[in-house]
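1. here you go, sequence then predicted model.
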Amino acid sequence: MLETLYNYFGFAGSIFVSFLMFMFFVFWVAGIAGISSKNRPTHRQIIFFTLAVLVPVYPVLWLIADMIKQKRQLRRL
């Protein structure tokens, strides 16, 4: 896989793509941690976990939306 990535993007491109994939993974894990830390009814929490695992973009989008919400709250203070 790394050889194919290197052959397709070259040295600098493969490092950049690998970095983006790593950052997406870190944001995905952080999003799942944030989703699981909320206090919700059990049936709703199962829905959120299912979405987080089956749709990997969902936790990243949730994390970005949560950061925007917190930034707005801090501006009001």
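-> In hand now; what should we look at?
2. what helices or strands is the host helix or strand of Ser36 leaning on?
-> Under the criterion of DSSP states H and E, Ser36 resides in helix 2-37. Counting contacts by 3 or more C-beta pairs under 8 Å, 6 or more residues apart in numbering; DSSP states H and E, helix 2-37 packs against helix 42-54, helix 57-76. For the C-beta atoms, the positions are set from N, CA and C on the backbone; glycine is no exception.
3. now that helix and helix 42-54, what's the angle there?
-> 170 degrees (axes from the mean of the first three to the mean of the last three C-alpha atoms, to 10 degrees).
4. how much space between Thr4 and Ser14?
-> Distance from Thr4 to Ser14, counting by C-beta to C-beta, to the nearest Å: 9 Å.
5. those two: which is more packed in?
-> Ranked by neighbour count (other C-beta atoms under 10 Å), Thr4 and Ser14 place Ser14 first, with 17 against 9.
6. how near is that one to Phe24?
-> For Ser14, the distance to Phe24 - C-beta to C-beta - is 16 Å.
7. got it, and Ile46?
-> Taking C-beta to C-beta, one finds Ile46 at 24 Å from Phe24.
8. can you give me the mean pLDDT across the helix holding Ser36?
-> For helix 2-37, mean pLDDT rounds to 92.
9. distance from the chain centre to it, please.
-> 11 Å (C-alpha atoms, centre = their mean, to the nearest Å).
10. let's have the chain start at 14 instead
-> All right, first residue 14 from here; so that's helix 15-50.
11. buried residues in it, which are they?
-> 27, 40-41, 44-45, 48 (16 or more other C-beta atoms under 10 Å).
12. can I get those in CSV with distance to Pro72?
-> Listed next are those as CSV, based on distance: C-beta to C-beta, whole Å:
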residue, distance to Pro72
Ser27, 26
Phe40, 7
Trp41, 5
Gly44, 3
Ile45, 5
Ile48, 6
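13. from those, which is closest to Gln83?
-> Gly44 (13.9 Å; C-beta to C-beta).
14. I figured that closest one hits Val68, correct?
-> No: contact criterion C-beta atoms under 8 Å: Gly44 and Val68 do not qualify, at 10.9 Å.
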